[in-house]
Every structure is written in structure tokens, then in C-alpha cells.
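**Student:** Coordinates only, no sequence provided:
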Ligand SMILES: [Fe+2]
Ligand SMILES: [Fe+2]
């Protein structure tokens with residue numbers, strides 16, 4: 001199926017279709033604007049799932065025992081399946097999947113900057129499960145509830161359940177680690193840099209945000225700031241419960257979570273630490289760091305593309 005086989009719908013046709021309570025079932029129901037917006041959000045989602053695999057694999061090599069390694073591998077397998085769902089849907093929307101996955105330059109991948117920072121230990125992997133997979137869960141649950149694109153909405157029922165397993169894996173380990181001082185110190189050190197990176201994950205605050213079609217067309221239900229709040233509502237009480245400090249608290253008078261450190265802030269990616277003494281920076285500066293990508297970008301994308309580029313195997317036409 002290619003995009004050329006269908007005359008694109010007008011914006012009005014899409015709006016009427018949605019107003020009648022129907023879902024968009026394929027490219028035949030899309031206007032150019034809907035198609036472009038859906039390709040963008042699917043690419044971010046699929047790239048994020050895909051790059052989490054080499055990121056988690058690197059850390060899984062430090063698993064304390066074989067059965068723990070097995071749990072990590074089953075999470076990685078889930079992530080690859082999630083990525084496949086996204087890329088497969090992009091293929092249906094006229095995108096060349098091989099080009100997208102295997103021939104795209106590393107810097108053109110659209111996943112959150114957090115995954116460009118290496119996870120170097122088992123503790124960091126389980127912290128990522130508790131924070132990053134929780135972010136994935138929040139974002140995908142919102143899309144599951146709100147998306148007007150039927151095929152993706154239906155596929156996300158399975159993805160949501162698997163993300164729940166990933167974040168529970170993280171929480172179970174964190175509870176256990178936080179019971180003794182050495183483990184707790186290691187978790188605290190990881191959360192110190194990972195918490196703020198995950199806050200950034202939700203993107204620009206609503207007053208600076210573009211891509212309004214994500215909300216207009218029901219690609220998403222909640223705004224960036226609402227999603228960031230949702231994530232804090234899940235993560236902050238859990239961290240408080242296990243005695244791990246995070247730079248955010250619930251402000252009763254505002255009925256919202258408040259970030260207690262300069263945000264957004266400059267990040268030293270070699271030391272993996274926040275330069276909080278320098279105060280808050282602009283989102284333009286953050287976006288410049290995101291665009292430049294971080295330390296592991298090349299390495300992870302090369303790992304994912306190596307097989308394709310070193311053999312003559314290609315998908316059957
Ligand atoms: Fe996933
Ligand atoms: Fe996950």
C-alpha cells in the first residue's frame with residue numbers, strides 16, 4: 001500500500017469522521033496534516049522503544065544472577081516488539097521501514113535524550129525501569145485512551161500491560177535495594193541524575209509547545225505538563241515511601257507537584273550530573289543539547305543497524 005493510492009481527505013472530512021465517533025483506520029481516512037502528525041508521533045514512539053533495547057542490554061550484562069538476566073531479556077524482547085508495532089504502522093502509512101530503521105543516521109532518531117546517557121549497572125537498569133518505563137507507561141496510556149488511530153489504539157492494549165510489568169520489575173528491585181544502606185546509596189546516586197532527565201522527557205512546557213495537532217486530532221489526550229504531573233504523581237510518593245530523595249513535592253495549595261530544583265538545567269553528560277548551581281537554563285539550550293544527541297547515540301544505533309549493514313539480507317520485497 002502506498003500513499004499515492006488514496007486521494008487524501010480534507011481536514012473537514014477527518015473532523016466529520018471523528019465527530020461521528022469513528023476511528024481513523026488507515027491512510028484512506030487521513031488528511032495530509034493528520035498523516036504528517038501521526039507519522040511524527042509514531043516515529044518518536046517506535047524510536048524510543050527500539051533504542052531502549054541496546055540501552056537495557058548494556059546494563060543487563062551486570063545482572064546479579066542468570067534469572068535476573070532472563071527478566072531483563074524478556075523486557076528487552078517486549079521493547080523490540082513495541083518498536084515493531086510502531087514501525088509496522090509507519091510502513092502502512094507509506095514510510096520505507098528499512099530506510100527508517102536501518103539506514104537513518106543516528107542523529108536523526110527521535111527518542112528522548114535520556115536514552116543517550118549510558119546505564120552502567122544493574123541498579124541503574126532497575127532505576128530506569130522505575131522511571132523511564134513509568135514515563136513510557138504514562139505516555140502510552142494517554143495515547144491508548146485518546147488516540148483516534150484505531151490500529152495503534154488496539155495494539156496499545158498489549159503494550160500497556162507489558163510496560164506495567166517493566167515498571168513493577170523496577171519497583172520490586174528498588175524496594176529491595178533501599179532496605180540496606182549500600183543499595184540505598186547506589187539507588188540514590190542513580191535517581192539523582194535520572195529523575196530530572198525523565199522530567200525533561202515530557203518535553204517543552206505547554207506555553208512553549210508547538211505541534212498542536214497532537215491534541216486537536218486526539219493523538220494525545222493530555223498536554224506535556226499534565227503528563228509530567230501524572231508521572232510525578234506515580235513516582236514521587238513511591239520514592240518517598242522507600243526513602244529516596246527526589247527534587248519534587250506535592251504542594252497542597254496548588255493541588256499539583258512542584259519541582260524543587262532549577263528546571264530545566266544544564267547537564268554534564270560525562271559526569272552524569274546536573275549543574276544546578278548555575279540555575280535554570282532556557283528550553284532553547286535544552287533543545288540544543290537534545291539536537292546534538294548524547295554520548296551513546298552512535299553506539300546504540302550502530303548496534304541496531306550492524307546486522308543489516310553487514311549482510312546482504314533484506315526484507316522480502
Ligand atoms: Fe516499551
Ligand atoms: Fe518498557
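**Tutor:** Looks like it arrived, so ask away. Worth saying up front: this structure is predicted, and the values here are computed from it rather than measured. Ligands and ions are numbered 1, 2, ... in the order given.

**Student:** could you pull out the strands for the chain?
**Tutor:** Along the chain, counting by DSSP state E, strands occupy 248-251, 256-259, 267-268, 273-274.

**Student:** could you redo the ones you listed as CSV and give each row mean pLDDT and mean neighbour count?
**Tutor:** C-betas here are computed from N, CA, C, even on glycine. Supplementary listing: these in CSV, determined by pLDDT from 0 to 100; neighbours: other C-beta atoms under 10 Å:
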stretch, mean pLDDT, mean neighbour count
strand 248-251, 98, 14
strand 256-259, 98, 16
strand 267-268, 98, 16
strand 273-274, 98, 17
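
**Student:** Would you reformat these as CSV and include distance to residue 240?
**Tutor:** Formatted as CSV, the strands of the chain follow (distance: least, C-beta to C-beta, whole Å):
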stretch, distance to residue 240
strand 248-251, 9
strand 256-259, 12
strand 267-268, 24
strand 273-274, 20
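
**Student:** mind checking which of the ones you listed is nearest residue 157?
**Tutor:** strand 256-259 (28.2 Å; C-beta to C-beta).

**Student:** Relative to the whole chain's centre, how far out is the closest one?
**Tutor:** 21 Å (C-alpha atoms, centre = their mean, to the nearest Å).

**Student:** repeat for stretch 163-182
**Tutor:** 20 Å.

**Student:** I'm curious whether it, anywhere along its length, sits up against ligand 1.
**Tutor:** No. Counting by C-beta under 5 Å from the ion, no contacts exist between stretch 163-182 and ligand 1, the nearest distance being 5.5 Å.

**Student:** Can you list the neighbours in contact with that stretch?
**Tutor:** 71, 75, 78, 123, 126-131, 133-134, 136-137, 140, 183-184, 186-187, 238, 242-244 (C-beta atoms under 8 Å, 6 or more residues apart in numbering).

**Student:** Residue 68 contacts residue 126, doesn't it?
**Tutor:** No. Using C-beta atoms under 8 Å, residue 68 is not in contact with residue 126, being 9.3 Å away.

**Student:** how near is residue 270 to residue 108?
**Tutor:** 24 Å (C-beta to C-beta, to the nearest Å).

**Student:** actually residue 291, sorry about that
**Tutor:** 11 Å.

**Student:** Not counting sequence-adjacent ones, nearest residue to the closest residue to ligand 2 within the stretch 151-300 of the chain?
**Tutor:** Per C-beta to the ion, residue 166 is where the stretch 151-300 of the chain lies closest to ligand 2, at 3.8 Å. Nearest in space to residue 166, with sequence neighbours left out and distances taken as C-beta to C-beta, 6 or more residues apart in numbering, is residue 133 at 3.9 Å.

**Student:** Next, the contact list for the one you found, please.
**Tutor:** Per C-beta under 8 Å, 6+ apart, neighbours of residue 133: 163, 166, 167, 170.

**Student:** In CSV, list these along with pLDDT and neighbour count.
**Tutor:** Putting the contacts of residue 133 into CSV (pLDDT from 0 to 100; neighbours: other C-beta under 10 Å) gives the following:
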residue, pLDDT, neighbour count
163, 96, 26
166, 97, 26
167, 97, 23
170, 98, 21
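
**Student:** Give me the subset of the residues you listed that lies in helices.
**Tutor:** Per DSSP state H, helices hold the following members of those: 163, 166, 167, 170.

**Student:** Could you list the low-confidence segments of the stretch 201-317 of the chain?
**Tutor:** Where the stretch 201-317 of the chain drops to pLDDT under 70, the residues are 210-216, 312-317.

**Student:** any idea where the helices of the stretch 1-150 of the chain begin and end?
**Tutor:** Shown for the stretch 1-150 of the chain, the helices assigned by DSSP state H, counting those that start in this stretch span residues 11-19, 32-60, 66-92, 97-98, 122-146, 150-177.

**Student:** most packed of these?
**Tutor:** helix 122-146 (a mean of 23; mean count of other C-beta atoms under 10 Å).

**Student:** Rounded mean pLDDT for it, please.
**Tutor:** What helix 122-146 shows for mean pLDDT is 97.

**Student:** go on, stretch 70-80?
**Tutor:** 98.

**Student:** Apart from its neighbours in sequence, what residue is nearest the residue in the stretch 201-317 of the chain that ligand 1 sits nearest to?
**Tutor:** Ligand 1 sits closest to residue 201 of the stretch 201-317 of the chain, with a gap of 13.5 Å, by C-beta to the ion. The spatial neighbour of residue 201 that comes closest, neighbours along the chain excluded (C-beta to C-beta, 6+ apart), is residue 112 at 4.5 Å.

**Student:** Do I have it right that that neighbour meets residue 199?
**Tutor:** No. Applying C-beta under 8 Å, one finds residue 112 not in contact with residue 199, separated by 10.9 Å.

**Student:** ok so, going back, hmm, which two among the ones in helices among the contacts of residue 133 are most spread apart?
**Tutor:** 163 and 170 (10.8 Å).

**Student:** so where do the helices sit in the stretch 201-317 of the chain?
**Tutor:** 213-216, 224-241, 283-292, 297-310.
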